[in-house]
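> Pasted the sequence and its predicted model underneath.
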Amino acid sequence: SNNKVEVATGALVCSGAVVTGPVTIGKGSVLHPRCKIQAEGGPIVIGEDNIIEEFVTITNKSSTPLVIGSSNVFEVGAEVMSSSIGDGNVIETRAHLGLGSTVGNGCIVSAKAILPSGDTLPNGTLLLPDHSRHHATDGESGLGQHKRHVVMLQGVLPKFHRMQTFA
């Protein structure tokens with residue numbers, strides 16, 4: 001099996017991030033120390049400009065690829081076992097995305113909220129810890145801010161952490 005980790009130019013993987021392949025990491029994505037990306041079944045494909053913070057775990061137990069889009073933020077301690085995640089989502093601290101769940105675009109999964117296994121979160125949904133669902137604000141406005149956050153991290157993190165290279 002091909003367990004290669006491929007990191008695009010301009011992506012940052014801090015030392016102490018654990019990445020077990022096959023995993024592809026897109027341009028501009030930032031992986032903080034102590035996050036875990038585990039392709040246990042099929043591959044994991046991470047798009048561009050994603051921010052993956054400390055203690056986040058992203059695991060693919062399925063044989064089909066887990067595809068994560070672009071400009072997503074996975075905050076500290078989030079657990080992800082989804083089958084697909086779109087663009088521009090915020091998965092807050094210690095949120096849990098169950099096995100085989102699907103997240104559209106522009107969603108917010110609140111801190112400690114749980115998306116059940118196999119469940120789908122449609123575009124623009126805010127999921128709260130009480131399981132209620134609301135319409136999230138228009139995600140477009142946040143994209144400029146998100147890009148600034150990515151650029152800032154790309155400047156700051158290398159000053160404080162060693163970066164991993166994958167040959």
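Arrived safely. Numbers count the residues shown, from 1 in each chain.
> contacts, neighbours, all on C-alpha from now
Noted.
> And the helix or strand of the chain with the lowest mean pLDDT, what does it pack against?
Lowest on mean pLDDT, DSSP states H and E among the helices and strands of the chain sits helix 140-160, with a mean of 68. Identification of packing neighbours for helix 140-160 by 3 or more C-alpha pairs under 8 Å, 6 or more residues apart in numbering; DSSP states H and E yields strand 30-31.
> In CSV, could you pull the C-alpha coordinates for the helix or strand that comes right after the strand it packs on?
Per DSSP states H and E, the first helix or strand lying C-terminal to strand 30-31 is strand 36-39. This file holds the C-alpha atoms of strand 36-39, laid out as CSV (Å, rounded to 0.1, in the frame of the first residue of the first chain):
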residue,chain,number,x,y,z
LYS,A,36,-3.1,13.6,14.3
ILE,A,37,-4.1,12.8,10.7
GLN,A,38,-4.6,9.0,10.4
ALA,A,39,-5.5,7.3,7.2
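> Beyond strand 36-39, next helix or strand please.
strand 44-46.
> Need the residues that contact that following strand.
21-26, 38, 60, 65-70 (C-alpha atoms under 8 Å, 6 or more residues apart in numbering).
> Lowest-confidence one in those?
Minimum pLDDT across these is recorded for residue 21, with 85.
> What about that one, how many residues nearby?
Number of residues near residue 21 (other C-alpha atoms under 10 Å) recorded here: 21.
> My guess is it contacts residue 3. True?
Yes. The criterion here is C-alpha atoms under 8 Å, and residue 21 meets it with residue 3 at 4.3 Å.
> and for the two, which residues touch both?
In contact with both residue 21 and residue 3: no residue, using C-alpha under 8 Å, 6+ apart.
> Spatially central residue in this structure, please.
The chain has residue 74 as the residue nearest its centroid, 4.8 Å off, counting by C-alpha atoms, centre = their mean.
> which residues touch that one?
50, 51, 52, 53, 56, 90, 91, 92, 93.
> one more time with 7 Å
Contact analysis of residue 74 by C-alpha atoms under 7 Å, 6 or more residues apart in numbering lists 51, 52, 53, 56, 90, 91, 92.
> swap in residue 87?
69, 70, 71, 72, 105, 106.
> Could you rank the residues you listed by neighbour count and give me the top one?
Ranking the contacts of residue 87 using other C-alpha under 10 Å puts residue 72 first, with 28 neighbours.
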